[in-house]
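Chemist: Turn this into a model:
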Amino acid sequence: MKKRKPRPVRVLIADDHRLFAEALEAVLSTEERIEVVGRAADGGEAVTMAQQLEPDVIALDISMPVMDGFEAAVELEKLVRPPAILMLTGSSAPEDIDRARRVGAKGYITKDSIAARLVDAILAAAEVRG
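Modeler: Residues are numbered from 1 along each chain as shown. Predicted structure coming up:
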């Protein structure tokens, strides 16, 4: 009997820097264990898209217009089936890391280390979510 491939981890990217989000999507599209289901340009759009698309993981920029990543994370946690939140940021300030944990983030990645760590962080966040 042939073993069925596991379903890819469904990821929503939320970042207001379009070129960065496109680059992130391009990197993730090369990974067969991950499927990018959408891109949001601000926190409010991220919450709306998460309700519609039901991603397993949301890669959420901390600093965005309309609703920042922390505010969006609080709203995302209220969903019936909340995605695992992976915070993306240019900041490695301890207070931002602590705040990310307090709002329910399963991981925290600085944008300068994304290429090396992103796929593993997404897969780990999805595993924690169950």
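Chemist: switch to C-alpha atoms for all contacts and neighbour counts from now on
Modeler: Will do.
Chemist: so how far is stretch 39-49 off the chain centroid?
Modeler: 11 Å (CA atoms, centre = their mean, to the nearest Å).
Chemist: so for that stretch, what's the average pLDDT?
Modeler: Model confidence over stretch 39-49 averages 96 on the pLDDT scale.
Chemist: center of this protein, which residue is that?
Modeler: Most central in the chain under CA atoms, centre = their mean is A59, positioned 1.5 Å from the mean C-alpha point.
Chemist: shouldn't that one be in contact with I85?
Modeler: Yes. Counting by CA atoms under 8 Å, I85 is a contact partner of A59 at 6.3 Å.
Chemist: So what touches the helix or strand bottoming out on mean pLDDT in the chain?
Modeler: Within the chain, confidence by mean pLDDT, DSSP states H and E is lowest for helix 114-129 among all helices and strands, at a mean of 80. When contacts are defined by CA atoms under 8 Å, 6 or more residues apart in numbering, helix 114-129 is touched by residues 9, 27-28, 31, 56-57, 59, 83-86, 106-107, 109.
Chemist: What are the buried residues along it?
Modeler: When neighbours are counted by 16 or more other CA atoms under 10 Å, the buried residues of helix 114-129 are found to be 118-119, 121-126.
Chemist: send the alpha carbons of that helix over as PDB?
Modeler: Taking only C-alpha atoms (Å, rounded to 0.1, in the frame of the first residue of the first chain), the coordinates of helix 114-129 have been written out as PDB:
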ATOM      1  CA  ILE A 114      14.700  34.400   7.800                       C
ATOM      2  CA  ALA A 115      16.400  32.600   4.900                       C
ATOM      3  CA  ALA A 116      18.100  30.200   7.200                       C
ATOM      4  CA  ARG A 117      15.300  29.500   9.700                       C
ATOM      5  CA  LEU A 118      11.900  30.200   8.200                       C
ATOM      6  CA  VAL A 119      10.900  26.800   6.800                       C
ATOM      7  CA  ASP A 120      11.900  25.000  10.100                       C
ATOM      8  CA  ALA A 121      10.100  27.700  12.200                       C
ATOM      9  CA  ILE A 122       6.900  27.300  10.100                       C
ATOM     10  CA  LEU A 123       6.900  23.500  10.400                       C
ATOM     11  CA  ALA A 124       7.600  23.700  14.100                       C
ATOM     12  CA  ALA A 125       4.800  26.200  14.700                       C
ATOM     13  CA  ALA A 126       2.300  24.000  12.700                       C
ATOM     14  CA  GLU A 127       3.400  21.000  14.800                       C
ATOM     15  CA  VAL A 128       2.700  22.900  18.100                       C
ATOM     16  CA  ARG A 129      -0.700  23.900  16.800                       C
END
